[in-house]
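**Q** turn this into a model:
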Amino acid sequence: MSTGKKRRASLEKVQQGHRYTLQEACQLVKEASYAKFDESVDVAVRLGVNPKHADQMVRGAVVLPHGTGATKRVLVFAKGEKAQEAEAAGADFVGSDELVAKITEGWLDFDTVIATPDMMGSHVGRLGRILGPRGLMPNPKVGTVTWDVTKAVSETKAGKIEFRVERAGIVHAPVGKVSFEADKLEANTRALLDTLDRLKPASAKGVYMKSITLSSTMGPGIRIEPTSIAAKVEA
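**A** This is a model prediction of the structure:
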């Protein structure tokens, strides 16, 4: 079957305008997948916030109970005992000045950056223009600036994801692979939505979660019925 036919067959499985329960959506995203590779499954949540206001910026992290299905390469800026702890926890790259030099020269073969607080101003701060635009700059709000490097590295390797609301008020985040069992996709999605719910800004008025859509890399978007999740969602 040609890719075009597979795409049309995939679209036909999703009823336009219909909103599914989270359980149904997690099963359907698997059935609607047609790519030859193991597609990522992502969630897009439209929030009732205005990211232009600092007090309505939603940003955080959550450890997905079943991981993301992807292996993350973790870089840690640390010295001495903390560097040893990072290596013992499974960090892929650990160092200080030598890593700053490599990154300055264009090396970016890593997915997550963690740093001890003492490394931020003297080392990592100089990389802001490189790491910032790529979403790699360590931040205490998501636990990547910390003295507890063992916990930070372990959680990242176990499936910790970071997220932040974009300009349009939407949060995009991965929740697994189409090869995951539907109940694991559901558990991961619930973990993310629960975390978003807890991070609701006090200044956000009206409905907080306006819509939730589940999709695979190549597959169609699947709207989720609000009553099937704990968070309150507007039609």
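
**Q** so how far is stretch 129-146 from its chain's centroid?
**A** On the basis of CA atoms, centre = their mean, to the nearest Å, stretch 129-146 sits 13 Å off its chain's mean C-alpha point.

**Q** how far does that stretch stretch from start to finish?
**A** Terminal residues of stretch 129-146 lie 21 Å apart, using CA to CA, to the nearest Å.

**Q** any chance you could list what contacts that stretch?
**A** Stretch 129-146 has contacts (CB atoms under 8 Å, 6 or more residues apart in numbering) with 59-61, 77, 103-104, 108, 110, 112-117, 120, 124, 127-128, 151-152, 155, 160, 162, 164. The C-beta positions use only the backbone N, C-alpha and C, and glycine is treated the same way.

**Q** surely residue 45 and residue 194 touch.
**A** No. Between residue 45 and residue 194 there is no contact under CB atoms under 8 Å: 11.9 Å.

**Q** these two: which is more packed in?
**A** residue 45 (25 against 14; other CB atoms under 10 Å).

**Q** reduced to three states, what does that one come out as?
**A** strand (DSSP: H, G, I helix; E, B strand; the rest coil).

**Q** returning to what we had before: now the contacts of stretch 129-146: which count as buried?
**A** 60-61, 77, 103, 110, 112-116, 120, 124, 127, 152, 155, 160, 162, 164 (16 or more other CB atoms under 10 Å).

**Q** in a helix, residue 176, correct?
**A** No. Counting by three-state DSSP, residue 176 is located in no helix; its state is strand.

**Q** count of neighbours near it?
**A** Neighbour tally, residue 176, other CB under 10 Å: 29.

**Q** please tell me I have it right and it contacts residue 188.
**A** Yes. Between residue 176 and residue 188 there is a contact at 5.2 Å, judged by CB under 8 Å.

**Q** mutual contacts of these two, please.
**A** 64, 66, 68.

**Q** I'd like those as JSON lines, with neighbour count appended.
**A** Listed next are the shared contacts of residue 176 and residue 188 as JSON lines, based on neighbours: other CB atoms under 10 Å:
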{"residue": "64", "neighbour count": "24"}
{"residue": "66", "neighbour count": "19"}
{"residue": "68", "neighbour count": "20"}
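
**Q** so which of the buried ones among the contacts of stretch 129-146 belong to helices?
**A** Using DSSP state H, the subset of these located in helices is 103, 120, 152, 155.
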